[in-house]
Structure formats: C-alpha cells, structure tokens
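> sequence first, then the predicted structure:
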Amino acid sequence: MDITDLKIGEEAIIKKVKAKEPIKGRLHAMGIAKGNKIRLLDHTLKKQTWEVDVEGTRVALRDEEAKAVEVER
C-alpha cells in the first residue's frame with residue numbers, strides 16, 4: 001500500500017521509497033525515509049496533491065511521489 005491508500009488523519013510507517021533519483025533524494029531530504037511515521041493530513045479534490053506530516057514536518061507531495069512511498073499501518 002502507498003500513501004494514497006490512507007484515509008485523512010490515518011498514520012502509517014514508511015516501509016520503502018520506490019522512487020528513482022533525483023525524486024528519491026528530494027523525498028529523503030524532506031524526511032520521507034524508511035521507518036519514519038507519516039500521517040495523511042489532506043488531499044486535493046482530484047487527489048493530485050497529498051499533504052502529509054512526517055515526524056512533525058508538513059510536506060506536499062504530487063500524486064506520483066505519494067504513490068512511490070510504500071507504507072504499513
């Protein structure tokens with residue numbers, strides 16, 4: 001499952017980041033790394049942008065980035 005499978009307000013643990021560089025490096029720089037807690041805060045109506053909280057930092061992800069982050073509830 002990935003971030004897009006979470007419901008608003010739901011928390012999960014990041015299991016894997018499946019993106020290729022340079023996106024993978026950018027996600028890691030924002031704290032999106034294996035083992036970190038992530039919580040879905042909101043998404044746009046068309047689900048093109050996902051707002052998440054990663055260890056206390058708010059991050060907005062595009063759909064392709066959110067789908068590249070594998071999580072476990």
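Perfect, thanks for sending it.

> how about Thr4: what's its closest non-neighbour residue?
Ala66 (5.2 Å; Cβ to Cβ, 6 or more residues apart in numbering). Just so you know, the C-beta spots here come from the backbone N, C-alpha and C atoms, and that holds for glycine as well.

> look at the one you found and report its pLDDT.
pLDDT, Ala66: 96.

> with Ala19 instead?
Ala19 carries a pLDDT value of 93.

> so it makes contact with Leu27?
Yes: counting by Cβ atoms under 8 Å, Leu27 is a contact partner of Ala19 at 6.1 Å.

> who has more neighbours, these two?
Neighbours were counted for Ala19 and for Leu27 using other Cβ atoms under 10 Å; Leu27 has more, 21 against 18.

> name the SS class of the more buried one, please.
At Leu27 the chain is in helix, as set by DSSP: H, G, I helix; E, B strand; the rest coil.

> does it touch Val17 like I think?
Yes: assessed by Cβ under 8 Å, Leu27 is found in contact with Val17 at 5.6 Å.

> list residues touching both of the two?
Residues touching both Leu27 and Val17 by Cβ atoms under 8 Å, 6 or more residues apart in numbering: Ala33, Ala68, Val69.

> helix or strand for the residue nearest to Thr4, which one?
Per DSSP states H and E, Ala66 falls inside helix 63-67.

> could you pull up the residues touching Lys67?
Counting by Cβ under 8 Å, 6+ apart, Lys67 touches Asp2, Ile3, Thr4.

> no no, Ile38
Contacts for Ile38 were tallied using Cβ under 8 Å, 6+ apart; they are Ile3, Glu11, Ala12, Ile13, Ile14, Ile32, Val52, Asp53, Val54, Val69, Val71.
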